[in-house]
Every structure is written in structure tokens, then in C-alpha cells.
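Q: here's a sequence, model it:
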Amino acid sequence: MRQAVLLTHLHDDTYRLLKNLVYPSKVEEVGYDELLRVLDGHFTPKRCTFADKTKFYEAMRDVGESVEKWAARIRGLAVHCEFGNSLDMLLRDKFVLGLRAGKERERLFEQDATTLTLAKAMELAQQTECAQKARADAVAVAVKQEPVYRAGAQPSAGRRDPEARTCSVCGMRSHDESRCRYKSYRCQLCGEKGHLKKVCTSKKQSKSRVNNVEATEFSVEGGDCDNCKECKLLSLSFIPNASNMLSPLHELLRAEAKWEWGRSQEEAFQAVKRELCSERVLAHFDPEAQPVLSVDAGPGGLGALLAQRDPATGAELPLAFASRSLNASERNYSQLQKEAAAIIFGVKKFHQYLYGRVVIPTIFRDQLLRELHTGHLGIVKTKSIARGKMWWPNIDGDIERWIGSCAACVAVRAAPPRAAPAPWPRPPSAWYRVVSHPRRQ
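A: Residues are numbered from 1 along each chain as shown. As a prediction, this is how the structure comes out:
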């Protein structure tokens, strides 16, 4: 009964698809549960296990992310990885190794790996995190130090004690380095222990070399880079898969993202520099050469390559590259949907190079003219429809001749307007023209 109801309510296209899927069996002989299994297997998007595992292994705890959110995130990344019986061990290892350098990671590294579980690791990390927050709150209130003047001396406004030293750990003048409460803290800029970020003297600098053009050294501490001199030297128009390659850098441009230059950002930056410095042979567009469009979709972006086939050698010569990043909703697409989006993106991007009408061979032209004139439309309407779908030399003349020879159209065609009576030319003299009429019987 359920099978009959299912088959009755299927669309015609779905029913034909189901018949093809269960062939050589007949669809009426297949059970209800088997039909559902076949349809689910066909329409359920296929996932790439290696891509999911790559996301799992490359995940790192974000700055400011709590221990609970970090544990929940790696559990979500492991859903489609098919780890099997090794799931608990891999979750524990990823939880520990994904922590950034700090007290939590140091304490977990001191534990015995043979007895440490994910639950125990979370508990130890939470305790360490809570202790750090409590310690930070306790020392957050700075004690105001009043200057001490010698007896008989009068303090002057705006004058500091010349004997007071500046602490090299925190930058304050109220104490020296040996008694500074921040001497065991780790700098957030260079990662070294013994001073705070505001007094750090190290600079993370990089050199930019693009197509043999040396740029001055610049800092990557943070800020807006839209107007920087180095960015103006870069031209990403000819880098294949640029959006996917620059995905770690694009993440830093989000409004809610916290600036952090880590290993993934540095690798993306160096990869872009290598691509810009590499030799890319770009051919000039030849209207007579055959264009070739290649597209691809990755986890973070879409890429397209427009090339043309060399008539002499048959080799494909690149003309231009194009790419764009996927937004938040597009990243949830299946791989098949991402590939389809890449095709649409490539065709729209290089529309001016790819657009044309289909050239119809001679043997099929009469058949297409017959189909165009099935509804017995007029010449103008038929030409308009044909221009958007096909083309061949002198197609307008063929359409006019085909419609002009249609017997059905000629039968209902309006008669041409009557011509006005034409008078005889005025004779120059009498009896110049004599007209005789036949005698009626």
C-alpha cells in the first residue's frame, strides 16, 4: 500500500529516474523500503572524508575561545571523519595539541598520555583557565604610588623623581624589574616570557619581493592595510585559486575577527609571493583560436581559468585567472553544488570571450526551421526567437523563404490593398486613341 501511494505521488521526472535506478528490476516489484534506500542514496550529497579530516587536523584553538567551545568545535569537525574506534584518542590528542602555547597546554603536557582522557584533559584545562582569570583579576587594580620628597624640599607641579627607574617588564616607574608582578607573564607579541606587549622591542617584519621589485620592510602587527604601499604592488589577477590561497588573510578582514598573524597567515602570504614571482606565460587573445574554460571549487573559494588552444601545437595557453571567496552560506554547499557554482562564476566572469550563438550544420537547418515555425509566427517574431538560440549564414533569408512558402500562412494572409484606379494619359489631340469593347451577346 505504501509503495503504491509513493509511486502515485512521484513526479514524472522522478518516476523515470527511479525506473532507471532500479533497472533491471521493475519499479512495481521493488519494496517500499528499498525504493526509499535507492532514492536516499541518489539524492544524498557525497562527502569527501579526506577534506573533513584535513579540517579536523588543521584546527587550532582561537584566541579568546573557551575550553568548552574548543572541545565542542573539534567534536563537530570529527562528525564526518569516520574515525571509528580511534575517535576518543584522536579527540583527546587534537584537544591537547590544538591548544596554543600557555599554562593550559603546559599542564596537559605534564600528564601521562596512557591514562589521560578527553574528559580529564578538559577538567585540567578548565581549572588552569579559571586560575589564570582569577589571578588576572587580582592584579588588575594597579596601586597608585605617591612620590616621596626629601625633607625641606617643595614639590613642583609636573616634576618626576629623577631617581625613579622605569620597569623594563611593565613600563611603570613605581618599582624595579625584580619586584614586578608581571615578570612571569608571556608577551603576546613575541611569545617570550619576562615582559608585556607594550614594552616589547621586537618587531615581526617581513620583506616583500614582487616581480623583482623590492618593497620596504613592513610590520604585520595589525591595522588597516587597504592603503599600504606594499599592497599596491600586488596584482592577483593572474594567480590561479587566489581566493582559496588567501582565505586565512581574508578571515582577518572580518569585523568580528581578532587580529592574529599565525602560521597559516604566514604560509598564505609566502605562497602568494611565490606565485607572483613565478613565471606565468599569458597569451594574447586570438578570436580565431578555440577558447577553453576550466573551473574548480575548493573549501574556501571558486577558481576559473580561461585558456585558448594554440592552432599550431594544440597546447592550452592561459589568458586570465579569476577567483572569489565563498560566503558563509556557500561554504555549507555540497561539493557538487560548489562545482556548479564555479561553472556559473567562470561563464559570467569571461562572458565576453565565451558568448556566441550556436552554428547549426546544413543538414539540420530545415528541421529547425520547421520547429521554429510550428506555431506559425510571423517573420519578425521567428527571427527574434532564432537569434537567441542558433545561427548560420543567411539565416534571416532562409526564415523569410520558409514562412513565405508556408501554405497555411498564405491561406490566411490578408489580401494586399487595392491599388487606386489609374486614368488614361491625356491625349494630345482628338481621335488620338480609339477603344472598342466587345459586343455583348
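Q: list the buried ones in stretch 354-366?
A: Neighbour-count burial for stretch 354-366 flags I360 (criterion: 16 or more other C-beta atoms under 10 Å). Every C-beta, even on glycine, is put in place using the N, C-alpha and C of the backbone.
Q: if you could redo that for stretch 15-35, that was the one I meant.
A: Buried, per 16+ other C-beta under 10 Å, within stretch 15-35: L17, L18, V22, V27, V30, L35.
Q: which one of those is nearest to N327?
A: Lowest distance from N327 to the buried residues of stretch 15-35 (C-beta to C-beta) belongs to L17, with 31.3 Å.
Q: correct me, but the closest one touches L35?
A: No: contact criterion C-beta atoms under 8 Å: L17 and L35 do not qualify, at 11.6 Å.
Q: counting by contacts, list what the longest helix anywhere in the chain packs against.
A: In the chain, taking DSSP state H as the definition, the longest helix is helix 118-138. On a contact count with 3 or more C-beta pairs under 8 Å, 6 or more residues apart in numbering; DSSP states H and E, helix 118-138 meets helix 67-77, helix 87-97, helix 103-109.
Q: about what we covered before: restricted to helices, list the buried residues of stretch 15-35.
A: L17, L18, V22, L35.
Q: contacting residues for the third one?
A: Meaning V22. Shown in contact with V22 (C-beta atoms under 8 Å, 6 or more residues apart in numbering): V30, E34, L35, V38.
Q: okay, the first one: pLDDT?
A: Meaning V30. Listed pLDDT for V30 reads 84.
Q: use 76 as the first number from now on
A: Shifting the count to begin at 76 puts that one at V105.
Q: leaving out chain neighbours, which residue sits closest to it?
A: V97 (5.2 Å; C-beta to C-beta, 6 or more residues apart in numbering).
Q: what do you get for the second one?
A: The spatially closest residue to E109, leaving aside those adjacent along the chain, is V97, at 7.9 Å (C-beta to C-beta, 6+ apart).
Q: same check on H451?
A: Nearest one to H451, counting by C-beta to C-beta, 6+ apart, is C484 at 5.7 Å.
Q: if I look at the one you found, how far off is E446?
A: 16 Å (C-beta to C-beta, to the nearest Å).
Q: so for those two, which residue has more residues nearby?
A: A count of neighbours by other C-beta atoms under 10 Å puts C484 above the other of C484 and E446, at 16 against 9.
Q: okay, and the more buried one sits in which element?
A: Assigned by DSSP states H and E, C484 belongs to helix 482-486.
Q: so how far is stretch 465-477 off the chain centroid?
A: Centre-to-centre, stretch 465-477 and its host chain are 43 Å apart (C-alpha atoms, centre = their mean, to the nearest Å).
Q: in it, what counts as buried?
A: Under 16+ other C-beta under 10 Å, the buried positions of stretch 465-477 are M465, W467, I470, D473, I474, W477.
Q: let me know the pLDDT of the third one.
A: Predicted confidence (pLDDT) for I470: 90.
Q: correct me if wrong: it contacts A461.
A: Yes: the criterion here is C-beta under 8 Å, and I470 meets it with A461 at 6.2 Å.
Q: any idea how far W467 is from I454?
A: The value you get for I454 to W467, if C-beta to C-beta is used, is 17 Å.
Q: hmm, back to that, just put the contacts of V97 in CSV and tack on distance to R182.
A: Listed next are those as CSV, based on distance: C-beta to C-beta, whole Å:
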residue, distance to R182
V105, 59
E109, 55
L110, 56
V113, 53
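Q: from the residues you listed, which is closest to Y257?
A: Nearest to Y257 among these, with distances taken as C-beta to C-beta, is V113, at 66.4 Å.
Q: OK, contacts around the spatially closest residue to the closest one that is not a sequence neighbour?
A: Computed as C-beta to C-beta, 6+ apart, the closest residue to V113 that is not its neighbour in sequence is L96, at 5.0 Å. L96 is in contact with V113, L114, H117, counting by C-beta under 8 Å, 6+ apart.
Q: burial check on the last one, number of neighbours?
A: Counted with other C-beta under 10 Å, residues neighbouring H117 total 11.
Q: pLDDT score assigned to the residue nearest to V105?
A: On the pLDDT scale, V97 gets 83.
Q: S259 and H270 touch, don't they?
A: No: proximity of S259 to H270 does not meet the contact threshold set by C-beta under 8 Å, at 10.6 Å.
Q: and the two? Which one has more around it.
A: H270 (24 against 9).
Q: helix, strand or coil for the nearest residue to that one once chain neighbours are set aside?
A: Excluding the flanking residues, the one nearest H270 by C-beta to C-beta, 6+ apart is V244, at 5.0 Å. With DSSP: H, G, I helix; E, B strand; the rest coil as the basis, the three-state label of V244 is coil.
Q: how about V244, what does it touch?
A: E252, C255, Y257, K258, Y260, G269, H270, L271, V274.
Q: can you redo those residues as JSON lines with secondary structure and pLDDT?
A: Listed next are the contacts of V244 as JSON lines, based on DSSP: H, G, I helix; E, B strand; the rest coil; pLDDT from 0 to 100:
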{"residue": "E252", "secondary structure": "helix", "pLDDT": "81"}
{"residue": "C255", "secondary structure": "coil", "pLDDT": "85"}
{"residue": "Y257", "secondary structure": "coil", "pLDDT": "81"}
{"residue": "K258", "secondary structure": "coil", "pLDDT": "81"}
{"residue": "Y260", "secondary structure": "coil", "pLDDT": "81"}
{"residue": "G269", "secondary structure": "coil", "pLDDT": "83"}
{"residue": "H270", "secondary structure": "coil", "pLDDT": "83"}
{"residue": "L271", "secondary structure": "coil", "pLDDT": "83"}
{"residue": "V274", "secondary structure": "helix", "pLDDT": "82"}
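Q: most neighbours out of the residues you listed, which is it?
A: H270 (24 neighbours).
Q: so who does that one touch?
A: S243, V244, C245, Y257, Y260, C262.
Q: can I assume the fifth one is in contact with V274?
A: No: taking contacts as C-beta under 8 Å, Y260 lies outside contact range of V274: 11.2 Å.
Q: picking that back up, pick out the most distant pair among the contacts of H270.
A: Of all pairs in those, the most separated under C-beta to C-beta is S243 and Y260 at 13.0 Å.
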